[in-house]
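**Student:** Structure of the sequence below:
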Amino acid sequence: MVHRTISIVTYNCNSVRTRLEAIIEWLAYNDPDVLCLQETKVADELFPSQDFLDMGYHLAFSGMKAYNGVAIISREAPDEVVAGFDDAGATNADLGQQDTARILRARFGNLWIVNTYVPQGYSIESPKFAYKLEWFSRLKAYFQRHFTPHDDVLWLGDLNVAPTDMDVHDPVRLREHVCFHPDVIRAFESVCEFGFVDVFRKHLPQPETYTFWDYRANTFATNKGWRIDHLLATPPLADRSLSVTVDKAPRGGDKPSDHTYVIGAFQA
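**Tutor:** As a prediction, this is how the structure comes out:
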């Protein structure tokens, strides 16, 4: 039997059109099987599809003007693609209009990839924070409706949560931050109870391994980062995970995103 290794990447690009040239260059050099983007910040009719099609990639995306947006760029055409939740909607209907630009799932044979851009939350007192907590709850119900822990499911993306002290550069000062608040960590852990394994930390258990560095205060140079970009897999898929790599070089490039690429390798 011939075993094939597949590479699946998550990257919050912070505007696919702004970062397009750099993304195309990165793809050409690294040649992943799947690249999942978040915060594409473009309406679907303006997504720069042709640039990726010219490289032989297939595309699935769901976006909105100027904010949010998710995309799955793949060497093989997906067998199925679904955007958004299929539930009763968010309690805050205005914020819930963003949902289809925040979650996109695609099936490749028996493998499901669920690409999410979880709400950031803005501030603890904001309705956006309540929306974030509810979003995690809805996401857990979504996984329960569509999958079992025995399926091959990879949940990835910018989840806007740093779940442990090791995932932030200053856990004491940042404890009340919307991405490190105890309520958010509990909401995230509740989703993980579905059966997800943190394959990022399985392969990168060392501290000060981050995926996001704020643009302010020269945080990249001093490595004052966060780990808020995740790769989480159901047990059968996690058992076949081979490695996880954080490619920090693009974060130090010209006009970078504040996130960088996280690459997972799996045995197909």
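
**Student:** Convert the C-alpha atoms of the helix or strand encompassing Val153 to CSV, please.
**Tutor:** Assigned by DSSP states H and E, Val153 falls within strand 152-158. What follows is strand 152-158, C-alpha atoms only, in CSV (Å, rounded to 0.1, in the frame of the first residue of the first chain):
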residue,chain,number,x,y,z
ASP,A,152,-11.9,12.4,9.5
VAL,A,153,-12.6,16.0,10.4
LEU,A,154,-10.0,18.9,10.5
TRP,A,155,-11.2,22.0,12.2
LEU,A,156,-8.9,24.9,11.5
GLY,A,157,-8.6,28.6,11.1
ASP,A,158,-8.3,31.8,13.1
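
**Student:** If you count neighbours, what's buried in the next helix or strand after it?
**Tutor:** Next helix or strand after strand 152-158 toward the C-terminus (DSSP H and E): helix 182-192. Residues Val184, Ile185, Ala187, Phe188, Val191, Cys192 are the ones in helix 182-192 that count as buried (16 or more other Cβ atoms under 10 Å). C-betas here are computed from N, CA, C, even on glycine.

**Student:** just checking, what packs against the next helix or strand after helix 182-192?
**Tutor:** Next helix or strand after helix 182-192 toward the C-terminus (DSSP H and E): strand 197-198. On a contact count with 3 or more Cβ pairs under 8 Å, 6 or more residues apart in numbering; DSSP states H and E, strand 197-198 meets strand 229-233.

**Student:** Given the strand it packs on, what are its sheet partners and their directions?
**Tutor:** Sheet pairing of strand 229-233 (DSSP bridges) gives strand 152-158 (antiparallel), strand 197-198 (antiparallel).

**Student:** Contacts for the first one, please.
**Tutor:** By Cβ atoms under 8 Å, 6 or more residues apart in numbering, the list of residues contacting strand 152-158 from outside reads 8, 10, 12, 36, 38-39, 70, 110-118, 143, 147, 196, 212, 228-234, 236-237, 259, 262, 264, 266.

**Student:** Tell me which residue is most central in the chain.
**Tutor:** The centroid of the chain falls nearest to Gly157 when counting by Cα atoms, centre = their mean (0.5 Å).
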